[in-house]
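Undergrad: just need the structure, nothing else, for what follows:
(chains A and B)
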Protein chains: 2
Amino acid sequence: MKEINIGLCGLGTVGTGVVKILKNHKDEIKHKTGTEISIRKILVNDVHKKRDVVINQEWLTTDANELVNNPDIDVIVEVMGGIDDTNLLLEQALNNKKHIVTANKDLMAVHGQKLLKLAKRNNCDIFYDASVAGGIPILRSLSDGLASDKIQKIMGIVNGTTNYILTKMTDEQKAFEPVLKEAQSLGFAEADPTSDVEGLDAARKMTLLANLAFKMEISLDDVEVSGIRDISQEDISFARSLGYTIKLIGIASINGGKVEVSVEPTLLPNEHPLAQVKNEYNAVYVYGEAVGETMFYGPGAGSMPTATAVVSDLMEVVKNIRLGISGNSYISPQYRTQLKENADKYTKYFIRMEVSDEAGTFQKITNVFSDQQVSFAKILQLPGSTKGTAEIVMVTHQISKQQLLNSLENLYQLSVVNKIISNYRVDGEE
Amino acid sequence: MKEINIGLCGLGTVGTGVVKILKNHKDEIKHKTGTEISIRKILVNDVHKKRDVVINQEWLTTDANELVNNPDIDVIVEVMGGIDDTNLLLEQALNNKKHIVTANKDLMAVHGQKLLKLAKRNNCDIFYDASVAGGIPILRSLSDGLASDKIQKIMGIVNGTTNYILTKMTDEQKAFEPVLKEAQSLGFAEADPTSDVEGLDAARKMTLLANLAFKMEISLDDVEVSGIRDISQEDISFARSLGYTIKLIGIASINGGKVEVSVEPTLLPNEHPLAQVKNEYNAVYVYGEAVGETMFYGPGAGSMPTATAVVSDLMEVVKNIRLGISGNSYISPQYRTQLKENADKYTKYFIRMEVSDEAGTFQKITNVFSDQQVSFAKILQLPGSTKGTAEIVMVTHQISKQQLLNSLENLYQLSVVNKIISNYRVDGEE
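TA: Purely as a prediction, here's the structure:
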């Protein structure tokens, strides 16, 4: 039986992990795939650098051609990062009929759809499970599940940095800025945290999940994103007093063939399984028509979890080569992308505003909402932070986003409303 | 390409679900397996009964021989239940080189090891993911994960009935008996709830999980089991005041090649993900050396989740047939079963006792514990329920089960100790 040869691009901590796993689990991998997997070439920057793993010095090269144009190599495993250069390299590999495993979500978010199509044309697989949530085999679970179920909604905590920050803000009652600094010093946040904190990293991952779950071609621009920078201790503590926890949640849902993909701060009931996902952990909650609610929880990043996910993907690619079903695994877009309008997006909202503490204020406000047919599940009124003001916190019943926007617009025109302090999605309850 | 033919044993709600999924997801299944899966025969009690699904009348038979001795059938899908008769039928099928998918945990707990060996000898697969936790693909995840990681510990809520009862006892402060009655009337508990309530059902599932995770041959007799019948409102409320939730947890762990498998009421910190698994839901927490902590959450039972799991298993069996790796999927025992002694079993314990409220009592008790080198993380002392008594609630640091047993034995000999009301494992925290 022909053995499968791989070319490994990158020998950092993840690449080193992949080499170790392939060596230490050789027998199990052969049992599960029916063949041997051998490293043939490793692309590195410096062939003379001292390595943390025993490797055959002849494997090392600084020339990508020795991998992507090498007729002996069946699969390219890309764990080196980079976007445009790496994309060119992978395109070349696909044109040479090489399958791909990548842990590179930035690349997949930007070039994923093109690469997937190119792979399909060449009857090749691209597996990228490690790119979405490190240690959680979520793409494979979605893809396997899809073969016998229909996914209706995904809710995910898919960014470890923001979840770490929100956990500390919630459990230790600290403000955003000091927690961010702490996270940076501990290595849980980048020096430039923008992509994490603004929700862009999570949006990239939700795009990958939504495309797979709904078999559409949803682009990053279709995702409504808002980050966690404006969440205050007061928001967190009001949410808590109403029984909710604030998390940065990516949501992808489908109703009547129309989809909505968003990443936004969301209030979840404290007892919701996602509300309990703490620190840098990730979790993805999936609602399937047949199976109902399932959740996958695990480390969202880390070199060994990622390396393990890469090897799992590699094993699937190898099985598919041997089954003759390469290029089928990830479902290519089958439906025309139809996005929900604001009038189609239904959820509950948490709304917090500062008002003048004068007679008739409350009635004026409730009139605005009842004009829009908005009703409430919970209402709190408290003295405001300055004299003569009051604070009102409300949680609506299910309304459309259009109803919310109309209500907010009309509230702004009331002289008794000083400001809308915050408004967040409320999800995960009946 | 040869299509794969199956014989379906049973056409109840799960069997009907399997027929529907195979029909409605025909294309996806072909994409994922590279072949068509066709039903050839269905074993039923009554061929004339009206069915909730469109089937070819010629498929139906009351004669098992038309399935297990049918040269056209490649895979037997068993969803009819039963233990010994069903076992004979499956043995016959394996001897005829037919692969098996079963949702029957009672059968697998009793005859699983023999059937797995017989399958191995015949180069056949037996997949039984649906038997462990309905909608959670836990066996497959363990088995796939094992190919590139090493599992150190599993903690699972694997019985929906007891989790439902404990959830109601905790959230609604009701006693065991009325909640059990309610669960029975809602269909969440059997008329004879013994197997669930005493922890036997969970023990069967933990045996299946432990055998797979540790590649040993652990039998049901090796599992220490205690059920939930004696858990009182007071236990739950003391646990709560110390920050814990009581759950019936199955634990399988390995240290230095020795394993421990148990099912017992366990206190988990409220913020542990398993503590938040409510009602009839199941979840399995897995600690892997490389990946770290992952959790799989979903419905533990139900006919559509189970049918979905059966079809997923069937697809794996079909892929393996085509890959020529049948019989390798589930790892047969590779290590000699070595069970931990009580001196090797380390955890924390919650201990609750009633004592005489007199001078020196507390000192006598702490002397007993310090003689055994047992120290405490938390201690509560309160007035007892009757005059002249006090109640002491303690949570130890990590100690061995032997230290616990010695301490309890010595406590019983103190005249100031009226009774040890309860003692439970405490797990899931550092």
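
Undergrad: hey, let's count contacts and neighbours off CA atoms from now on
TA: Fine.

Undergrad: give the next helix or strand downstream of the least confident helix or strand in chain A by mean pLDDT.
TA: Here the helix or strand of chain A ranked lowest by mean pLDDT, DSSP states H and E is helix A:138-146, holding a mean of 76. Per DSSP states H and E, the first helix or strand lying C-terminal to helix A:138-146 is strand A:151-157.

Undergrad: point out where chain A drops to low pLDDT.
TA: Counting by pLDDT under 70, chain A has low-confidence residues at A:1, A:146, A:328-333.

Undergrad: which strands and helices lie in contact with the least confident helix or strand of chain A?
TA: Applying 3 or more Cα pairs under 8 Å, 6 or more residues apart in numbering or on different chains; DSSP states H and E, we find helix A:138-146 packed against helix A:129-133, helix A:200-214.

Undergrad: what angle sits between the longest one and helix A:138-146?
TA: With axes from the mean of the first three to the mean of the last three Cα atoms, to 10 degrees as the criterion, the two stretches helix A:200-214 and helix A:138-146 enclose an angle of 20 degrees.

Undergrad: which residues touch helix A:200-214?
TA: A:105-106, A:108-109, A:131-132, A:139, A:142-143, A:146, A:151, A:156-159, A:195-196, A:216-220, A:223, A:225, A:250-252, A:254, A:261-263, A:330-333, A:335 (Cα atoms under 8 Å, 6 or more residues apart in numbering or on different chains).

Undergrad: try the first one
TA: For helix A:129-133, the external contacting residues (Cα under 8 Å, 6+ apart) are A:102-105, A:136-140, A:158, A:205, A:208, A:282, A:299-301, A:306-307, A:309-310, A:313.

Undergrad: please look at A:Gly428 and A:Pro269 and confirm they touch.
TA: Yes. The criterion here is Cα atoms under 8 Å, and A:Gly428 meets it with A:Pro269 at 6.7 Å.

Undergrad: more neighbours: those two, which one.
TA: Between A:Gly428 and A:Pro269, A:Pro269 has the larger neighbour count (other Cα atoms under 10 Å in any protein chain shown), namely 21 against 18.

Undergrad: distance of that one relative to chain B?
TA: 11 Å (Cα to the nearest Cα, to the nearest Å).

Undergrad: same check, this time on A:Gln372
TA: Per Cα to the nearest Cα, A:Gln372 is found 36 Å from chain B.

Undergrad: helix, strand, or coil at the closest residue to that residue other than its chain neighbours?
TA: The shortest distance from A:Gln372 to any non-neighbouring residue, by Cα to Cα, 6 or more residues apart in numbering or on different chains, is to A:Gln403 (6.0 Å). Of the three states, A:Gln403 takes helix under DSSP: H, G, I helix; E, B strand; the rest coil.

Undergrad: list the contacts of A:Gln403.
TA: A:Ala343, A:Gln372, A:Gln373, A:Val374.

Undergrad: which PyMOL command selects the buried ones in the residues you listed?
TA: In PyMOL syntax, the buried subset of those is picked out as below (16 or more other Cα atoms under 10 Å in any protein chain shown):
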select buried, chain A and resi 372+374
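
Undergrad: according to the record, where do the domains of chain A fall?
TA: The record assigns chain A these domain ranges, following automatic domain parsing: A:4-133+A:303-323, A:139-299, A:342-426.

Undergrad: for the last one, measure first residue to last.
TA: Counting by Cα to Cα, to the nearest Å, the length from the leading to the trailing residue of domain A:342-426 is 16 Å.

Undergrad: helix/strand/coil for A:Ser253?
TA: In three-state terms, and counting by three-state DSSP, A:Ser253 is strand.

Undergrad: partner residues bridging it?
TA: Per DSSP bridges, the residues bridged to A:Ser253 are A:Lys153, A:Glu260.

Undergrad: how far away is it from chain B?
TA: From A:Ser253 over to chain B the distance is 19 Å, taken as Cα to the nearest Cα.

Undergrad: burial count for that residue?
TA: 22.

Undergrad: surely it and A:Val223 touch.
TA: No. Contact criterion Cα under 8 Å: A:Ser253 and A:Val223 do not qualify, at 11.7 Å.

Undergrad: list the helices and strands the helix ranked longest in chain A packs on?
TA: Counting residues, the longest helix in chain A under DSSP state H turns out to be helix A:303-323. Counting contacts by 3+ Cα pairs under 8 Å, 6+ apart, helix A:303-323 packs against helix A:13-24, helix A:26-33, strand A:99-102, strand A:126-127, helix A:129-133, helix B:303-323.

Undergrad: TSV please, covering these and showing distance to B:Glu293 and mean neighbour count.
TA: Compiled in TSV, the helices and strands packed on helix A:303-323 are given as follows (distance: least, Cα to Cα, whole Å; neighbours: other Cα atoms under 10 Å in any protein chain shown):
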stretch	distance to B:Glu293	mean neighbour count
helix A:13-24	18	20
helix A:26-33	21	20
strand A:99-102	23	27
strand A:126-127	23	28
helix A:129-133	13	29
helix B:303-323	23	24
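
Undergrad: for the stretch 251-400 of chain A, what lies in contact range of chain B?
TA: Proximity of the stretch 251-400 of chain A to chain B, by Cα under 8 Å from any Cα of the partner chain, involves residues A:271-273, A:276-277, A:290-299, A:304-306, A:308, A:311-312, A:319, A:322-325, A:328-329.

Undergrad: next one: the stretch 51-200 of chain A
TA: Applying Cα under 8 Å from any Cα, we find that the stretch 51-200 of chain A lies next to chain B at A:Gly135, A:Ile136, A:Asp144, A:Gly145, A:Leu146, A:Ala147, A:Ser148, A:Asp149.

Undergrad: most neighbours, which of these?
TA: A:Gly135 (31 neighbours).
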